[in-house]
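Enquirer: what would the 3D arrangement of this be:
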Amino acid sequence: WDALHVGGRTTYLEFLDGNRFQWTTSLSAGENSAASYYPNAEGIIYHNSTLYFVAKVTRTLFILDLNDMTYTSERTGSSWVGQGSFNSQ
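Expert: Prediction:
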């Protein structure tokens, strides 16, 4: 808890044109991006300079390349190992 809430600068994920993203200090820009692209996001993991998270409403996995500041996305069930699905949630 303290690592996320004490000191430092808070930034928010904002998707941009051309499958690019940035970290912004604007809460409203972050909220607008979340509402438009990744509503009800959860299940975040970081591995090898890549950040993964899921938007349950749109059933989409987002894959952020933190080095290039670009992202891709996949719908569940499209070439995932195990053919991921949120049908029971």
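Enquirer: pLDDT below threshold where in the protein?
Expert: Within the chain, the ranges that satisfy pLDDT under 70 run 1-4, 77-89.
Enquirer: helices of that one, residue ranges please.
Expert: Along the chain, the stretches classed as helices by DSSP state H are 2-5, 27-37.
Enquirer: in a markdown table, list those along with distance to residue 46 and mean neighbour count.
Expert: C-beta: built from backbone N, CA, C; applies to glycine. Converted to a markdown table, these look like this (distance: least, Cβ to Cβ, whole Å; neighbours: other Cβ atoms under 10 Å):
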| stretch | distance to residue 46 | mean neighbour count |
| --- | --- | --- |
| helix 2-5 | 14 | 7 |
| helix 27-37 | 18 | 14 |
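Enquirer: out of the ones you listed, which comes closest to residue 57?
Expert: helix 27-37 (9.9 Å; Cβ to Cβ).
Enquirer: who touches the closest one?
Expert: The contact list for helix 27-37 (Cβ atoms under 8 Å, 6 or more residues apart in numbering) reads 11-15, 24, 41, 55, 62.
Enquirer: can you redo the helices of the chain as a markdown table with distance to residue 47?
Expert: Formatted as a markdown table, the helices of the chain follow (distance: least, Cβ to Cβ, whole Å):
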| stretch | distance to residue 47 |
| --- | --- |
| helix 2-5 | 19 |
| helix 27-37 | 21 |
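Enquirer: go through those helices and name the closest to residue 49.
Expert: helix 2-5 (19.9 Å).
Enquirer: returning to what we had before: now the contacts of helix 27-37: which count as buried?
Expert: Using 16 or more other Cβ atoms under 10 Å as the burial test, those include 12-15, 41, 55, 62 as buried.
Enquirer: list just the nearest of these to residue 70.
Expert: Among the buried ones among the contacts of helix 27-37, and counting by Cβ to Cβ, the member closest to residue 70 is residue 15, at 10.4 Å.
Enquirer: correct me, but that closest one touches residue 71?
Expert: Yes - with contacts counted by Cβ atoms under 8 Å, residue 15 reaches residue 71, the gap being 7.0 Å.
Enquirer: joint contacts of the two?
Expert: Counting by Cβ under 8 Å, 6+ apart, the residues touching both residue 15 and residue 71 are residue 21.
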